[in-house]
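Asker: Sharing a model that was predicted from the sequence below.
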Amino acid sequence: MNPNGITLLGSLIRRKNVDSADDARREQASQQLAKILTLLDLIAIGIGSTIGAGVYILIGTVARDHSGPALTVSFLIAGIAAALSAFCYAELACRCPSAGSAYHYTYICVGEGVAWLIGWSLILEYTISASAVARGVSPNLALFFGGEEGLPNFLARHTIPGLGIVVDPCAAILIFIVTALLCIGIRESVLAQTIVTSVNICAMLFVIIAGGYLCFRTGWVGYNLSSGYFPFGTNGMLAGSAVVFFSYIGFDTITSTTEEVKNPKRDVPLGIGISLSVCCALYMLISIVILGLVPYYSMDLDTPISSAFADYGMDWAVYIVTMGALTALCATLMGSILPQPRILMAMARDGLLPSFFSEINKKTHVPVMSTIATGIFAATLAFCMDVSQLAGMVSVGTLLAFTTVAISVLIIRYVPPTEIALPSSHSESVGSGSDDFLGIHLTSSNYPPENYVSGSPLLMDEQKECVQALHPLHYILWVELCWYAASSYWFVLIKMNQNSALGKQEASHVHLFHFFRQHAS
């Protein structure tokens, strides 16, 4: 028990009451982010963060090993599954607008302990993802220099003698450039992401148009198979959809910029929906074209798109495809670094991290300290570590965040409003924004304002919180979270062959949580 008489268990289960008074308090304390983002900006962020270079490789692997010509259906099923999670994020972004994204939603609906773990899972996810993406730039960049031997010395990878560590200066330099761009301002960073995303989309459109022309000229030879459209059966198609599902991850980056959107209750749901729809359409069209050019069993696993064009004498197309992959990596890197400082800022506002992480520069209206810390940590990992072994942790963190966000929607929907203190000012925002897009009726009339606790931005009374946490749905929630985390983490532990890595990670998170709740909150 800490000096305030709050036990660790009480800290784990208490929830945060958020009201519009929070916004006034932030504005008075010069903690306000600049509200300058529009719908087009959010679409650029969503598409750029979602479409990575993996799609340029994933098509060959999934088609050859799982789905066959049914890869298009696999992308469609995965897109529908991702849309279900996107709807949950869109609804909560309207109800609880904050830069904290899944961490903030979990803190309000589930509890402080789970929110702490979700926050750190997202931080690790974005950091590892940024490092992995940055280390993938130099191999693609080397193509324009005639191979890795032709790269300038300050960009080429080097092996440290005696240690066997492969350092990647190009990855670290790129992360520092992106970090500096993010420190300048959100407008400048979104403009840069829009440019590189546009180049990537142009490369994908070239693949679709040029590949479609070749398919019509040759008669779609890739589909003239005796094995039919489902050579691996429906099970293979579903297995393929599970693999390509992670190519849709990235739309949640939009919700981390909610405080910087001019009209969040309208633009955030539309931005998520439009960006996800565009990504799904591009994925399906590319898979249709490439599978029409080359039979699935003949696809090159490393460079399926470039090899498909090379088979038709278009060797020069490899440069366009590589440029698309390179810009996709850069856009994904920006999308990985952009949300992390805002999550650090949200956690610092709640007293779960040191207060300097919440400081916002008065000129740029950006959490500069959080952004710099994020860039240094990600650049260090990218420079001296092979983060491919940690890639499984990204998937686990993402799935855990998706699960808690979905459960948060269930709690808001089915737990009586008197037990979830969501302010009327936030509940009303759902009616005009997400209703039309999601096709559901969630106006404030469903949750009368008199049922909400408003006015105080502080945490609820400790004893009242403990009683509220005993709602039957919370029992189911905690059991499901424990089972989900244990099974997911066990799977990753087996895959990584590092038996104590994640256990030590979560144990350190619990110790840090107890420390900050005693001394900083």
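Answerer: Great, that's in hand.

Asker: quick one: residue 60 from residue 16, how far?
Answerer: For residue 60, the distance to residue 16 (CB to CB, to the nearest Å) stands at 46 Å. Just so you know, the C-beta spots here come from the backbone N, C-alpha and C atoms, and that holds for glycine as well.

Asker: Where does pLDDT dip in this protein?
Answerer: Residues of the chain meeting the criterion pLDDT under 70: 1-13, 17-31, 387-393, 416-521.

Asker: Just list the residues touching the residue nearest the centre of it, thanks.
Answerer: What sits nearest the mean C-alpha location of the chain, by CA atoms, centre = their mean, is residue 250, with 3.8 Å. Counting by CB atoms under 8 Å, 6 or more residues apart in numbering, residue 250 makes contact with 46, 48-52, 332, 335.

Asker: For this protein, which segments are assigned as strands?
Answerer: Assigned by DSSP state E, the strands in the chain fall at 158-160, 165-167.

Asker: for the last one, packing partners?
Answerer: For strand 165-167, the contact count by 3 or more CB pairs under 8 Å, 6 or more residues apart in numbering; DSSP states H and E identifies strand 158-160, helix 368-384 as packing neighbours.

Asker: Sheet partners, orientation included, of the first one?
Answerer: In its sheet, strand 158-160 lies beside strand 165-167 (antiparallel), with partners assigned from DSSP bridges.

Asker: got the buried residues for the partner strand?
Answerer: Residues of strand 165-167 classed as buried: residue 167 (neighbour count, 16 or more other CB atoms under 10 Å).

Asker: Now do that strand: everything it contacts.
Answerer: By CB under 8 Å, 6+ apart, strand 165-167 touches 157-160, 383-386.

Asker: With stretch 230-239 instead?
Answerer: Counting by CB under 8 Å, 6+ apart, residues outside stretch 230-239 touching it are 66-70, 73-74, 77, 225, 240, 296.

Asker: sorry, back to before: to residue 110, which of the strands of the chain lies closest?
Answerer: Smallest distance to residue 110 across the strands of the chain (CB to CB): 40.2 Å, for strand 165-167.

Asker: now the residue nearest to the centre of the chain: how far from residue 86?
Answerer: 11 Å.

Asker: What of residue 235?
Answerer: To residue 86, residue 235 is 26 Å away according to CB to CB.

Asker: Looking at those two, which one has more neighbours?
Answerer: residue 86 (27 against 10; other CB atoms under 10 Å).

Asker: Please name the spatially closest residue to residue 211 (chain neighbours excluded).
Answerer: residue 289 (3.6 Å; CB to CB, 6 or more residues apart in numbering).

Asker: burial count for that neighbour?
Answerer: 24.

Asker: List the residues that contact it.
Answerer: Counted by CB under 8 Å, 6+ apart, residue 289 has contacts 207-208, 211-212, 215.

Asker: give me that answer again for 10 Å
Answerer: 59, 72, 207-215, 220, 222, 305, 308 (CB atoms under 10 Å, 6 or more residues apart in numbering).

Asker: From residue 15, how far out is it?
Answerer: Separation of residue 289 from residue 15 (CB to CB): 49 Å.

Asker: go on, residue 415?
Answerer: 11 Å.

Asker: Which of the helices and strands packed on strand 165-167 sits closest to residue 42?
Answerer: Closest among the helices and strands packed on strand 165-167, once you apply CB to CB, is helix 368-384, at 19.5 Å.

Asker: That closest one: which residues count as buried?
Answerer: So for helix 368-384, counting by 16+ other CB under 10 Å, buried means 368-375, 377-379, 381-383.

Asker: Please put the alpha-carbon coordinates of it into PDB.
Answerer: Output of helix 368-384 as PDB, limited to C-alpha atoms (Å, rounded to 0.1, in the frame of the first residue of the first chain):
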ATOM      1  CA  VAL A 368       9.200  17.200 -28.700                       C
ATOM      2  CA  MET A 369      10.800  15.400 -25.700                       C
ATOM      3  CA  SER A 370       8.700  12.300 -26.400                       C
ATOM      4  CA  THR A 371       9.500  12.400 -30.100                       C
ATOM      5  CA  ILE A 372      13.200  12.800 -29.500                       C
ATOM      6  CA  ALA A 373      13.200   9.900 -27.000                       C
ATOM      7  CA  THR A 374      11.300   7.800 -29.400                       C
ATOM      8  CA  GLY A 375      13.800   8.500 -32.200                       C
ATOM      9  CA  ILE A 376      16.800   7.800 -30.100                       C
ATOM     10  CA  PHE A 377      15.500   4.500 -28.900                       C
ATOM     11  CA  ALA A 378      14.300   3.300 -32.300                       C
ATOM     12  CA  ALA A 379      17.500   4.400 -34.000                       C
ATOM     13  CA  THR A 380      19.700   2.600 -31.500                       C
ATOM     14  CA  LEU A 381      17.700  -0.600 -32.100                       C
ATOM     15  CA  ALA A 382      17.900  -0.200 -35.800                       C
ATOM     16  CA  PHE A 383      21.600   0.600 -35.900                       C
ATOM     17  CA  CYS A 384      23.000  -2.400 -33.900                       C
END
